[in-house]
Every structure is written in structure tokens, then in C-alpha cells.
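Novice: Below is the sequence, then the predicted model.
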Amino acid sequence: MDASARREDAIFLTCEKYRIFELLICAAGMMGAYTFNLRGGVFCNAQTANVVLMALEFGHGRWAGGFYYLIPISAYLLGAVISEVLPSGIRARRFLRWDTYLIAFEMLALFGIGFIPLSAPVQIVQVMINFLCSMQYNTFRQAEGIPMATTFVTNHIRQTGIWLVKGVRKRDGAALRRSARHLGMVSVFFLGGLLLTLVCPALGARAIWLALVPLGVTLAVLLRADLVAEKQLFDLKPHGH
């Protein structure tokens, strides 16, 4: 049985549905645009740039500047660790899934960030968003059986090209649809960043509250799934975990 057939036969939870991943990556695009526009001119959705900047600082002999980057890197690492440790304990309570709690926590954190004045050290917000993005990235891993990231788009761009070539060469509709899904993730991430950038001049620090819209929709859908539609599937783990 090929991979596409296995995906068709599998049961996918609501937290694995493609529409949920679109909402999450839209919010991530907003977070990236927010930190770049208003909180220090950096993207906090991933850590590649921080590792490179740390290497540059050390290479130029600026030790204090180099060691600073251990803070956001450690925040990202901590987010991954926590998102691995907490789900098992939460699952034992058999009320809501970890995924649902995470989105609620993200919303509370982003709401709080909106009250932090722009005059505050930018590192405070940067580290907070490092932490949030790490947990989101590690929690939501596969959309309907397809590995996908919800906080950055580098691999989505790569996968768009790979599956486009496979689809054209083999005249494979499934491959073309997979290419389109990755392209869709890139597009929604772009849209989130664009919308956040447009509201920054008017809303300032509170511009991050725009991300509460896609996250709020996500939370509502996940709550309904946990409490009603998928209550009997609580023991079923999302794919990739």
C-alpha cells in the first residue's frame, strides 16, 4: 500500500487537519512580522539566524554578544522540552488534549505581550515568542499524514518544488495536490505577515493581538473536537508523536 493510500485509510484528528495548520502558520507569519517590525528587527520563529549570529559574534571576538544568543536558543530548546514532557500528564487527565491547552496558552501570552511597551527591551518579547514558536512547531507535526511546519516556510518552499516536479513528470494528481498544499502554507504565512505589517502603524505593540483571530478560531475548533466530536478518540495520538 502506498503512502497516499495509507493517508486515506488513516483517522486524522482535528488537530491534524490541514485547515488547522493553515490557521497556525497564519498566526506564525504575524508573529514573525511583529518581531521584525516592532521588536528588534529579527524573526523569532526559528533559530538558524541566532546560531549564525552567535558564530559571527564569537568570530569577531565579541564574547558577551555571542553568549547573549544562548538566551533565545535556550528558550526555544526549553519550549521543545516542555512540549515533550507535558502532554503525557495532560493526557492522563482525559479532559482536553495538549494541543488545545497550548493554543489557549499562546493566546494568553500574546495578549500579555500586547501590553509590553515598545520602549521595553526587545529581548523580552523575542524570547517569549521563541518559546511559543518552539512549542507550536514541536506539537503540530503532521497535517493529514504530511509532515509540515507551522512556524516557518523554508521546507514548504522546498516541498512545493519537489512535488511539483514529481507531479508533472509522472502526471500524478496526488503529487500536484501535495505541492499545492505546501504552496498554500507559504501563501497563508505571507498573508499573516502582510496583515500584521499593515496594522503595526495604527496599533503599535497591540498589533500582535491580530494573531488572536486565527488562534481563537483554532481554539474553538479544537475545544469542540475534544469535548464533543472526538471525545471517544481521546487515546488516539496525532501522527508523528
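Specialist: Received it, and whenever you're ready, just let me know what you need. Given the structure is predicted, the values throughout are model-derived calculations rather than measurements.
Novice: Could you pull out the helices in the chain for me?
Specialist: Here the chain has its helices, by DSSP state H, at 3-9, 18-38, 48-59, 63-68, 70-93, 98-113, 122-139, 154-170, 173-203, 212-224.
Novice: ranking those helices by burial, who's on top?
Specialist: helix 18-38 (a mean of 25; mean count of other Cβ atoms under 10 Å). C-beta coordinates here come from the backbone N, C-alpha and C atoms, glycine included.
Novice: how far is it from where the chain is centred?
Specialist: In terms of Cα atoms, centre = their mean, to the nearest Å, the centre of helix 18-38 is found 7 Å from the chain centre.
Novice: now for that helix, which elements pack on it?
Specialist: For helix 18-38, the elements it packs on are helix 122-139, strand 142-143, helix 173-203, helix 212-224, judged by 3 or more Cβ pairs under 8 Å, 6 or more residues apart in numbering; DSSP states H and E.
Novice: one step back: closest one to M148 among the helices of the chain?
Specialist: helix 18-38 (5.5 Å; Cβ to Cβ).
Novice: and the closest one, C-alpha only, in PDB?
Specialist: In PDB, the C-alpha atoms belonging to helix 18-38 read as follows (Å, rounded to 0.1, in the frame of the first residue of the first chain):
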ATOM      1  CA  TYR A  18      -4.900  21.000   7.100                       C
ATOM      2  CA  ARG A  19      -7.200  23.900   7.900                       C
ATOM      3  CA  ILE A  20      -5.800  23.900  11.500                       C
ATOM      4  CA  PHE A  21      -2.200  24.100  10.100                       C
ATOM      5  CA  GLU A  22      -3.200  27.000   7.900                       C
ATOM      6  CA  LEU A  23      -4.600  28.900  10.800                       C
ATOM      7  CA  LEU A  24      -1.500  28.200  12.900                       C
ATOM      8  CA  ILE A  25       1.000  29.300  10.200                       C
ATOM      9  CA  CYS A  26      -1.000  32.400   9.600                       C
ATOM     10  CA  ALA A  27      -0.500  33.300  13.200                       C
ATOM     11  CA  ALA A  28       3.200  32.500  13.000                       C
ATOM     12  CA  GLY A  29       3.500  34.800  10.000                       C
ATOM     13  CA  MET A  30       2.000  37.500  12.200                       C
ATOM     14  CA  MET A  31       4.500  36.800  15.000                       C
ATOM     15  CA  GLY A  32       7.400  36.900  12.600                       C
ATOM     16  CA  ALA A  33       6.300  40.200  11.200                       C
ATOM     17  CA  TYR A  34       5.600  41.600  14.600                       C
ATOM     18  CA  THR A  35       9.100  41.000  16.000                       C
ATOM     19  CA  PHE A  36      10.700  42.200  12.800                       C
ATOM     20  CA  ASN A  37       8.700  45.400  12.500                       C
ATOM     21  CA  LEU A  38       8.400  46.300  16.200                       C
END
